[in-house]
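A.B. asks: let's see this in three dimensions:
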Amino acid sequence: MASFAGQNSGGEFDALQKKLRWKKESEAFMNTINNPIELEKLKQDVERYCMDRSHKEVLPVHIFNSKPDIKVLYSIPFSLNYEKQYGPNQAISCSPFHPKLFLSCSIDGTIKM
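C.D. replies: I've put the predicted structure just below:
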């Protein structure tokens with residue numbers, strides 16, 4: 001897992017010269033982002049957003065208001081590659097929540113997602 005780079009004591013970051021302070025809740029959310037390159041880009045975008053609006057602190061709402069790519073904030077926890085089954089399919093059920101997710105059961109006794 002990537003760490004929120006630039007941290008020093010007191011929850012302040014590289015943005016000190018910009019007079020921004022990251023709240024602990026914002027830090028905690030940023031630490032959930034696994035890709036260090038995306039993390040740094042998001043950090044810069046959020047700081048730019050806060051500086052443009054003269055905010056003194058970076059709150060969690062500022063992360064979302066800076067309009068980041070949703071895929072950066074919430075990565076997909078599963079693979080969207082289909083796995084083949086070795087027997088004829090008996091039933092297929094599509095997910096009501098995700099358009100590319102479905103369950104299939106086969107005559108060989110397997111259930112695949």
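A.B. asks: the longest helix along the chain - what's its average pLDDT?
C.D. replies: Ranked by residue count and defined by DSSP state H, the top helix of the chain is helix 36-52. Helix 36-52 shows a mean pLDDT of 92.
A.B. asks: just after that helix, pick out the following helix or strand.
C.D. replies: Sequence order places strand 57-58 as the next helix or strand after helix 36-52, per DSSP states H and E.
A.B. asks: which positions in the next helix or strand after that next one come out as buried?
C.D. replies: As assigned by DSSP H and E, the chain's next helix or strand after strand 57-58 is helix 60-65. For helix 60-65, burial by neighbour count (16 or more other C-beta atoms under 10 Å) applies to 62, 63. Backbone N, C-alpha and C define where each C-beta goes, glycine included.
A.B. asks: for the helix or strand following helix 60-65, buried residues please.
C.D. replies: Scanning forward in sequence from helix 60-65 by DSSP H and E, the next helix or strand is helix 70-73. Buried residues in helix 70-73, defined by neighbour count with 16+ other C-beta under 10 Å: residue 72.
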